[in-house]
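Student: Here is a sequence together with a model predicted from it:
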Amino acid sequence: MSAVAARRLYIVAYCTLAAALLWLIVSVVVSSELEQTNPRLALSWRPHDPPALVQLSQTSLDAGKPADARSYALEAIARRPHDATAWRLLGQAALAASNQTLGEQLLAQAGKLTHRDATLAAWFFEDSVRRRRYADAVQYADIIMRRAPDKESAMVFRLAALAQDDDAIPALAKALQRNPAWREAFFKELSSSSANSAAAGALMQQMAADGAPLAPAEVSGLLIRMVRDGRAQEAHQLWLTSLPPPARPSGLVFDPTFIGTPAAAPFGWSLNDEIDSELHMPEPGQPRGLHIVFHGGEGQRLVTQTLVLSPGRYRFEAAGHLLEGEEELVRWQLGCKGQPPLLLVLLKGALASGSVEFQVSPDCPSPILALTTLPRESDRPASAVIERAALEKVG
C-alpha cells in the first residue's frame, strides 16, 4: 500500500471514529435532556438509557401497571446494576402485584444501595412503625425531611403521633438531642393540642434523665394551652418535669428573688417585651433583682407568673427600691379573671417593701401574679429594682 493510500485510509478511519464519538456525545446530551420529560423520545436517541427506563418504570407504576414497571426496572438494572431507584421501583412493582415477600426483599436491596431516596425512606418508615422499630422509624423520618423538605410538616405530625407510644419516647429523645432541623417544628406540633400532654411529659422526663432537658420555648406553648383549658395543676407538674432539679422551686413563687433562672411560661417569669419601659433580668454573676427603666407616663404590665395554689389563706411579701428618680408607683396584682385582684403598692414614698394577706377560694386555683406600673405625671428618667416577691400559706 502506498503512503498516499495509507494516509487516506487513516483519515477515513479517523473521521469515522470522530463521527461516532460525536454521535455518542450528542445522543447522551439529548437523551439526558429528555429522560425526565419525554423518556420514550430519550430512548430513541439512546436505547437502553437507564434514567429514561427508570422514569418509564415510575410512570407505569403511577398508572397502575406493575408488570410494565417491572419490565422497565429490570432493563435499567441490567444496564446499571447499582441503580437504587430501579431496585426500589422493582420492589414497589412486586408489592403492587401482591408479592409482599419479594417486594420487601427488593426494597431491602435498594436500601443497601442508598440513603438518599426519600420515597424509599418513606416505605422503610412505615414498615418500621408497623414493626414498632421506632429508632429506625425516626432515622428514616429524618432522612425524608432532609431529602424532601416539603414533607417536613407531614413527618413532624407523624412523629408527634408516635410520641403517644411510650416505647417510641427513647428514640425520639435521642434524635431530638442531636438538634435536628425539624426540632422546633416538632415541639410546635406537640404543643398544638393539650391532648399531647402525657406524651410531652414522658418525653420531658426522658430528656431530663438523659441530661438534656427541654428549652423553655419548647414547652411554653403546651403549658399555656393546658392552663387555658383549665388543667393548670397538670400543666404545673409537667412544667416541674421540664426544669433541672436544682432549678425546681422550693416555694410557691418561682425565682422569688429574681436571680434570672430561665423557665417556661406561664409558671416562670414572663417579661412583657411590648412596652416602653425596659426590663432586665440579671445575667449570670450580676446582682439579683428585676431592673426597670421607666419610660412614658402610661401604666404598663411588666412581668407575670401563673401560680398554682390550694384553697386557704396566704401572705404575699415584696420588696424593691429606686435607683434613680423620684417617687415611682409599682403595683403587684394577684387574682383570677372576673375577681377583684389583690393590690400591693411599692415605691410609694418611703414604702420600699410590704406584705398583705389574702384568701384563695376553690374557684381560683391558678391566680396570675403581675407587676404593673401606675400612670406617671412625669417623663423624667427613673429606674428601680424589684428584689423579692414571695408567697407563703398561713392558714
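Tutor: Ah, there it is. Not measured: the values here are computed from a predicted model. Residues are numbered from 1 along each chain as shown.
Student: quick one: the helices in the protein?
Tutor: 3-34, 39-45, 50-62, 66-79, 84-96, 100-113, 118-130, 134-147, 152-162, 169-176, 183-190, 197-209, 216-228, 232-242 (DSSP state H).
Student: So which residues make contact with the last one?
Tutor: Going back to what we said before, that points to helix 232-242. 197, 200-201, 204-205, 208, 213-214, 216, 219, 222-223, 226-227, 248, 263-264, 267-268, 306, 308, 365-366 (C-beta atoms under 8 Å, 6 or more residues apart in numbering). Just so you know, the C-beta spots here come from the backbone N, C-alpha and C atoms, and that holds for glycine as well.
Student: And these, which of them are buried?
Tutor: 197, 200-201, 204-205, 208, 213-214, 216, 219, 222-223, 226-227, 263-264, 267-268, 306, 308, 365-366 (16 or more other C-beta atoms under 10 Å).
Student: Residue ranges of each domain in the protein, please.
Tutor: Following automatic domain parsing, one finds the domains of the chain at 3-221, 270-393.
Student: average pLDDT for the first one?
Tutor: To tie it back to what came earlier, the one meant is domain 3-221. Averaged across domain 3-221, the pLDDT comes to 79.
Student: Counting neighbours, show which residues of stretch 164-173 come out buried.
Tutor: 168, 169, 170, 171, 172, 173.
Student: Can you tell me what sits against that stretch?
Tutor: By C-beta under 8 Å, 6+ apart, stretch 164-173 touches 132, 134-135, 137-138, 159, 162-163, 196, 198-199, 202-203, 206-207, 210, 212.
Student: Which ChimeraX command selects the buried ones in those residues?
Tutor: ChimeraX command restricting the contacts of stretch 164-173 to the buried ones, with burial defined by 16+ other C-beta under 10 Å:
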select :134,137,138,159,162,163,196,199,202,203,206,207
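Student: Can you verify my assumption that residue 370 contacts residue 330?
Tutor: No - Residue 370 is beyond contact range of residue 330, at 11.1 Å (criterion: C-beta atoms under 8 Å).
Student: Let me see the ranges of the strands in the stretch 201-350 of the chain.
Tutor: 270-271, 278-280, 290-294, 301-306, 312-324, 330-335, 342-346 (DSSP state E, counting those that start in this stretch).
Student: From residue 73, how far out is the residue most central in space within the chain?
Tutor: In the chain, the centroid-proximal residue (C-alpha atoms, centre = their mean) is residue 184; its distance is 2.1 Å. From residue 184 across to residue 73, the span is 39 Å (C-beta to C-beta, to the nearest Å).
Student: Same question for residue 386.
Tutor: Residue 386 is 71 Å from residue 73, by C-beta to C-beta.
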